[in-house]
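K.L.:
Structure for the following, please:
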Amino acid sequence: MKRSMEYKDIIAELESLSKPEEREGMARFGISPKKTYAVRMPEIRRIARKAGKDHELAAKLWDAGYRETRIMASIVEDPMMVTEEQMDEWAAEFDYWEICDQCCINLFRKTPYAYKKAFEWSNCDEEFVKRAGFALMAVMAVHDKKASNEKMMKFFPSIIRESNDNRIYVKKAVNWALRQIGKRNMNLNRKAIEVAEEIQSMDSKSAKWIAADALRELRGEKVQKKFS
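P.N.:
Below is the predicted model of the structure:
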C-alpha cells in the first residue's frame with residue numbers, strides 16, 4: 001500500500017517551512033536540538049496527520065535526527081508496534097525537554113509498556129531519561145481515565161525518592177507528576193497533598209520547591225472547586 005505521504009515529501013515540506021531566524025527564540029525556552037528546521041508545532045502536527053500511522057516511516061523520521069522529524073516520528077508511529085527496546089533507544093537519545101515530553105504525550109503513553117517504563121526510567125541517572133519517567137506519570141495521570149487510585153498512588157514512592165534531584169528538567173517533571181495525580185479526584189488530591197507535605201520537610205532545595213509549587217495548585221481554589 002502506498003503511503004499517503006512519502007519521507008522525501010515530508011522533508012521537502014519541512015525545508016519549505018523552515019525559519020532559521022526562530023531558533024534563538026526556541027533556545028530561550030530550552031528547546032535546543034542539534035538539528036532543527038525551526039518549524040512550529042501546529043505545522044508539524046498538520047504534516048504528521050497527512051502522513052498517517054506508519055511504523056517504517058516513523059523509523060526513518062527518527063533516524064533523520066531533526067527536532068521536527070523526531071516529533072513527527074512520535075506522532076506517526078503505531079504504538080502497538082513499539083517495543084520496549086525501541087522506547088529505551090529513543091529515550092537514551094533525548095537531549096532536551098521538548099522531544100522527551102512529545103514522545104511521552106504522543107506515543108509512549110499509548111504503548112503496553114507505559115507504566116513499566118515510568119518506574120524504570122524514573123530510577124535512571126540520565127537527566128532526560130529520568131524526566132521521561134516522570135513525564136509519563138504525569139501524562140498517564142491525565143489520559144488514563146480508567147486507572148484506579150491505587151495504581152496512581154504507586155507513583156508516589158518514586159516522586160518522593162527523586163524529589164531531591166536538583167536538575168531543573170527532573171524537578172519540574174517530578175512536580176508535574178505530583179500535581180497531575182493530585183488533580184484526578186478528591187482522594188488523590190488529599191494523598192498528593194500529604195506527599196507534598198512530606199517532601200517539603202526534606203532538607204533539599206529542589207524538594208522544597210517541588211512541594212511549595214504543588215501545594216499552591218493542589219490546595220488552590222480552582223482545583224478544590226472541582227471536588228466540592
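K.L.:
Just list what the helix or strand of the chain with the lowest mean pLDDT packs against, helices and strands only.
P.N.:
Of all helical and strand segments in the chain, the minimum by mean pLDDT, DSSP states H and E falls on helix 23-28, at a mean of 77. The criterion is 3 or more C-beta pairs under 8 Å, 6 or more residues apart in numbering; DSSP states H and E, and there are no helices or strands that helix 23-28 contacts. Bear in mind the C-beta positions are built from the backbone N, C-alpha and C, glycine included.
K.L.:
At which residues are the strands of the protein located?
P.N.:
Ranges of strands within the chain: none, based on DSSP state E.
K.L.:
Low-confidence regions, it specifically.
P.N.:
Applying pLDDT under 70 to the chain flags residues 1-4.
K.L.:
most centrally placed residue in it?
P.N.:
For the chain, the residue nearest the mean C-alpha position is Asp101 (2.6 Å; C-alpha atoms, centre = their mean).
K.L.:
contacting residues around that residue?
P.N.:
By C-beta atoms under 8 Å, 6 or more residues apart in numbering, Asp101 lies in contact with Ala135.
K.L.:
And for the one 3 residues further on?
P.N.:
When contacts are counted by C-beta under 8 Å, 6+ apart, Cys104 is found next to Ala132, Ala135, Leu136, Val139.
K.L.:
Mind picking the one among these that's closest to Lys208?
P.N.:
Ala135 (21.7 Å; C-beta to C-beta).
K.L.:
how about the closest one, what does it touch?
P.N.:
Ala135 neighbours (C-beta under 8 Å, 6+ apart): Cys100, Asp101, Cys104, Ile105, Ala173, Trp176, Ala177.
K.L.:
try 7 Å
P.N.:
Residues near Ala135 by C-beta atoms under 7 Å, 6 or more residues apart in numbering: Cys100, Asp101, Cys104, Ala173, Trp176.
K.L.:
Asp165 too?
P.N.:
Neighbours of Asp165 in contact, by C-beta under 7 Å, 6+ apart: Lys171, Ser206.
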